[in-house]
Every structure is written in structure tokens, then in C-alpha cells.
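Engineer: Sharing a model prediction with you, sequence too.
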Amino acid sequence: MKQQRPPSMGSGAAGGEVAKQEPPQLLSPLAVNHGRQESKPREAGVVVSFGARPAAAATPPPRPRKLTTVLVVDKARLCCSLCSLPLKRPIYQCAVGHLACGGCRMKLRVNSCRPCAAGGAASAYALCPGLDVFYGELHLPCPYETYGCKSYIPYYRAASHQSACEHAPCLCAEPGCAFAAPPRALLAHLAGAHAWPVHKIPRFGAIHALRVPAAGPDRLLVVAAAAEEEVGENEQDDNGDDGDDKDEETEGPAVFVLSVRARGEATAVSVACVRANARAGPQYKCVLWAKAPAPRGAAGRAGRRLCMETDVPSCAQPGEAAVEDGMWLGVAPVMVVGESREIHLSVLIDKL
């Protein structure tokens with residue numbers, strides 16, 4: 001007696017017909033990314049897909065091989081014919097092909113293409129949705145990619161990202177040294193190659209006491225960004241889901257420089273955050289105390305104390321002269337202690 005063959009996997013419940021499976025597409029058509037943010041796209045070729053994510057229980061299909069496309073385009077083709085800046089949507093185009101930002105187009109009293117009018121022709125701008133899609137999906141690698149920034153940003157946001165990128169290189173302060181790197185790499189360089197003193201502060205808001213010679217040198221202050229347990233919680237990922245494709249690195253320690261400079265007979269003490277872009281990351285405040293014992297023969301009298309609270313400026317080169325133009329604590333000679341001529345300081349750095 002011939003046994004019946006069991007139904008194959010993927011057959012329908014009623015007809016038993018094998019369900020047809022569409023072959024996987026290596027590259028999906030160019031799609032609109034409705035939630036445009038300064039994030040890194042999945043592919044270097046900036047092909048962004050949209051739609052529902054597969055269920056957690058379903059096995060994800062194998063990811064296609066990553067492809068990279070390099071296009072060489074005249075930069076003028078990516079700029080507005082009116083403001084000469086990168087095109088911003090909505091994008092308008094005249095019959096000849098001159099492009100204009102939507103904001104620039106709305107500033108015109110008459111809908112007339114200015115480059116065409118300058119040549120003696122008459123042409124009007126018209127909205128071009130296809131260019132909106134194309135230019136909206138153009139992403140560029142950060143110019144500081146070699147310094148660790150892995151972000152791909154929309155073309156029209158490249159300038160604003162560059163002015164706020166935390167990976168912008170800072171310069172070594174030692175004469176004759178051309179080393180340039182982000183703050184954390186510069187920290188390792190100054191400590192290892194030039195033996196700069198480094199003081200570690202466990203967290204923001206903690207008071208750190210130190211003694212520094214009145215004659216310098218400058219020294220680095222490193223403030224931990226977060227407690228280890230908080231970092232561990234942020235690293236947890238449910239079901240391995242990558243969320244909104246956010247691959248941001250865990251926030252690392254912040255690097256500051258404590259500068260000691262002679263100002264006449266006094267000594268100026270100041271703190272600055274080591275970073276090339278002041279817009280990158282949080283803003284900080286600092287409280288500086290200088291302490292000294294009471295004068296000899298003044299039994300029962302309290303010791304001397306100076307205090308200053310100020311916002312923290314930023315510097316692209318530790319100890320640069322521009323830092324001295326900001327707020328600094330003036331320590332009088334009578335506050336310098338001992339034969340080693342040290343200043344007893346306490347430092348508190350916190351986020352604003």
C-alpha cells in the first residue's frame with residue numbers, strides 16, 4: 001500500500017500548493033528616508049529602505065554584499081543658483097536646468113530665474129519632486145572620518161555637522177610637534193610623548209584637590225563621563241535589535257586643561273575644555289578654589305581662600321593664548337605655599 005507523502009513546508013492549508021517565494025533583491029530601489037537624521041546609513045552607497053521590520057521570531061534573510069558607488073560631480077551642480085550654498089528642499093528648477101532652494105525661491109518677488117534673466121532669457125522656476133528625493137538621499141562621509149567619525153550626513157547638512165563634530169582634531173601644544181587628533185587621542189599623546197601630568201576625576205560634580213607649582217607646567221584633567229553601571233545599562237540591547245540604526249559610541253571621558261600662567265606678580269589659573277568645536281557635546285562650568293594657611297603669628301585665625309565660578313571655554317590647542325582671555329583665578333604671592341612655591345587648588349567641573 002502506497003504511503004501518502006506528507007505536505008511540504010510552505011504548502012497552503014487548503015490546496016497544498018507550494019507557495020512561490022520571490023527571489024531576494026540585491027538592491028532595493030532608491031527610497032525616501034522620512035526620518036532624516038544625521039545618522040550613518042546602512043550602506044556606503046546610501047541605499048535606505050523603509051517598511052516594517054521582520055518579526056523577532058522570524059529568521060532575518062542574509063544581508064546582501066555591501067556595495068559602494070563613487071560619483072564625481074561638479075560641486076556647483078549641488079549648489080543653489082541664487083545663494084550658492086548647498087541645495088535645501090524643496091528644490092525648484094527652471095526650464096534650462098538652473099536649481100534653487102525653496103527658501104531662496106520664496107524670497108523672489110517675481111518667479112523668474114535670475115541666471116536666465118542675466119543672460120537675456122525668460123524662465124520661471126517650477127517645483128521638482130524628483131530632485132527632492134535625489135538630493136535628500138545624497139549623504140557624505142564626515143571630513144573627520146580619518147579621526148574616528150563614522151557618520152554619513154545629508155549633503156545640505158555637511159557644513160553644520162562639521163562645525164559641531166566632536167572628532168574634529170586638536171593640535172599638540174608642544175613647540176615643533178605637528179601631532180593632531182581628537183581630544184582623547186591627544187590626551188594619550190601629551191601624556192606619553194611629552195609627559196604632561198594627568199589628573200583623573202571620577203565624575204562630574206566631584207571636588208578634586210591638587211597641588212600645582214606656581215611656575216607651571218600645564219596639566220590635563222580627565223573627567224569620567226558616567227559610572228560603569230550606567231554605561232552597562234545603556235549597552236543592553238533587547239533581542240539584538242539595532243533600533244533606529246544608531247551606532248553611536250559610548251560617551252567617553254571629557255578632557256580639560258588646567259593652565260597656570262604668570263600675570264604680573266600674581267598667578268592666573270584657568271580651566272578649558274580640549275575640543276576643536278565648542279558646539280560639540282555639552283557645556284560645562286567650573287569652580288576653582290585656592291587655599292593657603294593663615295599667616296604666621298595669627299593664631300586662631302582662619303586660613304585664606306579664593307574662589308571663582310565660571311563657564312568653561314573650549315580650546316583646540318591646550319594652553320593656547322585665547323584661553324587666557326577668558327575668566328581666570330588670580331592667586332596672589334601670599335597664597336603660594338612652601339619652599340616649592342605650590343598652589344593648593346580644588347577643582348569642580350560639572351555640566352550646565
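Structural biologist: Received the coordinates, thanks. Numbering: from 1, shown residues only.

Engineer: Count residues in the vicinity of residue 312, would you?
Structural biologist: Around residue 312 sit 23 other residues, with neighbours defined as other Cβ atoms under 10 Å. For the C-beta atoms, the positions are set from N, CA and C on the backbone; glycine is no exception.

Engineer: same deal with residue 260?
Structural biologist: Neighbour count of residue 260, defined by other Cβ under 10 Å: 21.

Engineer: Quick one: residues contacting it.
Structural biologist: Counting by Cβ atoms under 8 Å, 6 or more residues apart in numbering, residue 260 touches 212, 213, 214, 215, 216, 217, 218, 267, 268, 269, 343.

Engineer: Test my guess that residue 255 contacts residue 224.
Structural biologist: No. Contact criterion Cβ atoms under 8 Å: residue 255 and residue 224 do not qualify, at 11.3 Å.

Engineer: Tell me which of those two has more neighbours.
Structural biologist: For the pair residue 255 and residue 224, the greater number of neighbours falls to residue 255 (23 against 17), based on other Cβ under 10 Å.

Engineer: Next, the contact list for the more buried one, please.
Structural biologist: Applying Cβ under 8 Å, 6+ apart, we find residue 255 in contact with 183, 184, 186, 187, 220, 221, 222, 273, 274, 275.

Engineer: Quick check: the third one vs residue 206, distance?
Structural biologist: So that's residue 186. Residue 186 sits 23 Å away from residue 206, going by Cβ to Cβ, to the nearest Å.

Engineer: Settle it for me: which of those two has more neighbours?
Structural biologist: residue 186 (25 against 13).

Engineer: does the more buried one count as helix, strand or coil?
Structural biologist: When classified by DSSP: H, G, I helix; E, B strand; the rest coil, residue 186 comes out as helix.

Engineer: The residue nearest to it when sequence neighbours are not counted pairs with what?
Structural biologist: Excluding the flanking residues, the one nearest residue 186 by Cβ to Cβ, 6 or more residues apart in numbering is residue 170, at 5.0 Å. Residue 170 has these beta-bridge partners by DSSP bridges: residue 181.

Engineer: and residue 170, how many residues sit next to it?
Structural biologist: Residue 170: 28 neighbours (other Cβ under 10 Å).

Engineer: repeat for residue 192
Structural biologist: 9.

Engineer: Same question for residue 216.
Structural biologist: Neighbour tally, residue 216, other Cβ under 10 Å: 14.

Engineer: likewise residue 126?
Structural biologist: 11.

Engineer: How about residue 74?
Structural biologist: 7.

Engineer: That one and residue 339: what is the separation?
Structural biologist: 69 Å.

Engineer: Closest one of the contacts of residue 255 to residue 89?
Structural biologist: Closest approach between the contacts of residue 255 and residue 89, by Cβ to Cβ: residue 275, at 31.5 Å.

Engineer: Tell me the spacing between the closest one and residue 189.
Structural biologist: Between residue 275 and residue 189 the computed distance is 15 Å (Cβ to Cβ).

Engineer: Between these two, point out the one with more neighbours.
Structural biologist: Higher neighbour count among residue 275 and residue 189: residue 275, with 23 against 18, using other Cβ under 10 Å.

Engineer: Let me know whether residue 125 touches residue 110 as I believe.
Structural biologist: No. Look at residue 125 against residue 110 with Cβ under 8 Å: they stay out of range, at 10.4 Å.

Engineer: Show me which of those two is the more surrounded one.
Structural biologist: Higher neighbour count among residue 125 and residue 110: residue 125, with 24 against 7, using other Cβ under 10 Å.

Engineer: so after the helix or strand containing residue 288, what's the next helix or strand?
Structural biologist: Here residue 288 sits within strand 284-292, counting by DSSP states H and E. Per DSSP H and E, strand 284-292 leads on to strand 304-311 as the next helix or strand towards the C-terminus.

Engineer: List the buried residues of stretch 335-342.
Structural biologist: Within stretch 335-342, the residues that qualify as buried are 335, 336, 337, counting by 16 or more other Cβ atoms under 10 Å.

Engineer: what sits opposite residue 272 in the beta ladder?
Structural biologist: With DSSP bridges as the rule, residue 272 is bridged to residue 257.

Engineer: Quick check, it in contact with residue 314.
Structural biologist: Yes. If you go by Cβ under 8 Å, residue 272 and residue 314 touch, sitting 6.5 Å apart.

Engineer: Give me the below-cutoff pLDDT ranges for this protein.
Structural biologist: 1-70, 225-251, 297-300, 320-326 (pLDDT under 70).

Engineer: What count of nearby residues applies to residue 144?
Structural biologist: Counted by other Cβ under 10 Å, the residues lying close to residue 144 total 20.

Engineer: List the residues that contact the closest residue to it other than its chain neighbours.
Structural biologist: Counting by Cβ to Cβ, 6+ apart, residue 144 lies nearest to residue 167, which is 4.4 Å off, once chain neighbours are set aside. Counting by Cβ under 8 Å, 6+ apart, residue 167 touches 142, 144, 147, 148, 149, 182.
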